[in-house]
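>>> Sequence and predicted structure are below.
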Amino acid sequence: MKFFETIRVEEGRALHLHYHNARLNRTIADHFGRGGEIDLAHYLSPPKRGIFRCRVVYSQEIEEIGYSPYTPRTINSLTLVESTVQYRYKYLDRRELERVAEEGRKRGADGVIIVQNGLLTDCSIANIALFDGTEWRTPATPLLPGTTRARLLDEGVLRPAPLTPHDLLKAEKIALLNAMVGFYQLDNPIIL
């Protein structure tokens, strides 16, 4: 079984490595039962100029590291998709998530928000947050506990809460959260 981390690199600096190291080491311990700490800083040699997406593939050890120029993805519309997909770890095999995303594309949406047991979980490519007019809330039960979500919870920017499709429809603002986009507010997304 293989996993991966996606790390944002800006001008030669890999951002928020502490959170990527924590998730990588927790994943290795949970799946392979081995302790120890891998520090990604010892493995990375990113390009010095520009913004890059660093992809680290690993199992029990680091297996592959690659860098590609980062091109932001535009999301103007979202749709809700009921699914039982499980993605507690950042698996390299994303076929189940891709099937859910394809269902959203068939409906004409740029992205999907996955609903399980009546609760919002994640977008297929990011964690989500909703602004209710007072505070930013993020689903208490995401599919994948993302590194940006963890950081923003630690910083007190987000509060976890059980969120429903009704909360999405009445939200004043919606944001996507992942290592590449950071905290990206969508401008009046269309909910299909």
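It's in.
>>> What sits closest to Thr147 if chain neighbours are left out?
Beyond its immediate neighbours in the sequence, the residue positioned closest to Thr147 (C-beta to C-beta, 6 or more residues apart in numbering) is Tyr19, lying 3.7 Å away. Bear in mind the C-beta positions are built from the backbone N, C-alpha and C, glycine included.
>>> which strands and helices sit next to the helix or strand hosting the one you found?
According to DSSP states H and E, Tyr19 maps onto helix 17-32. Counting contacts by 3 or more C-beta pairs under 8 Å, 6 or more residues apart in numbering; DSSP states H and E, helix 17-32 is packed against strand 3-10, strand 51-58, helix 147-154.
>>> Go again with 6 Å.
Packing contacts for helix 17-32, counted by 3 or more C-beta pairs under 6 Å, 6 or more residues apart in numbering; DSSP states H and E, involve strand 3-10, helix 147-154.
>>> Can you lay out those as JSON lines showing distance to Gly104 and mean pLDDT?
As requested, the helices and strands packed on helix 17-32 are exported to JSON lines (distance: least, C-beta to C-beta, whole Å; pLDDT from 0 to 100):
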{"stretch": "strand 3-10", "distance to Gly104": "20", "mean pLDDT": "98"}
{"stretch": "helix 147-154", "distance to Gly104": "21", "mean pLDDT": "98"}
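>>> one step back: show the contacting residues for the residue nearest to Thr147.
Contacts for Tyr19 were tallied using C-beta atoms under 6 Å, 6 or more residues apart in numbering; they are Thr147, Ala150, Arg151.
>>> how about the residues you listed in TSV, adding neighbour count and distance to Gly133?
What follows is the contacts of Tyr19, written out as TSV (neighbours: other C-beta atoms under 10 Å; distance: C-beta to C-beta, whole Å):
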residue	neighbour count	distance to Gly133
Thr147	27	27
Ala150	18	25
Arg151	19	24
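>>> Which of those residues sits closest to Tyr91?
Tyr91 lies nearest to Thr147 out of the contacts of Tyr19, by C-beta to C-beta, at 15.4 Å.
>>> Relative to Tyr87, how far out is Lys173?
Lys173 is 25 Å from Tyr87, where distance means C-beta to C-beta, to the nearest Å.
>>> Between the two, which is the more surrounded one?
Between Lys173 and Tyr87, counting by other C-beta atoms under 10 Å, Tyr87 is the more crowded of the two (18 against 15).
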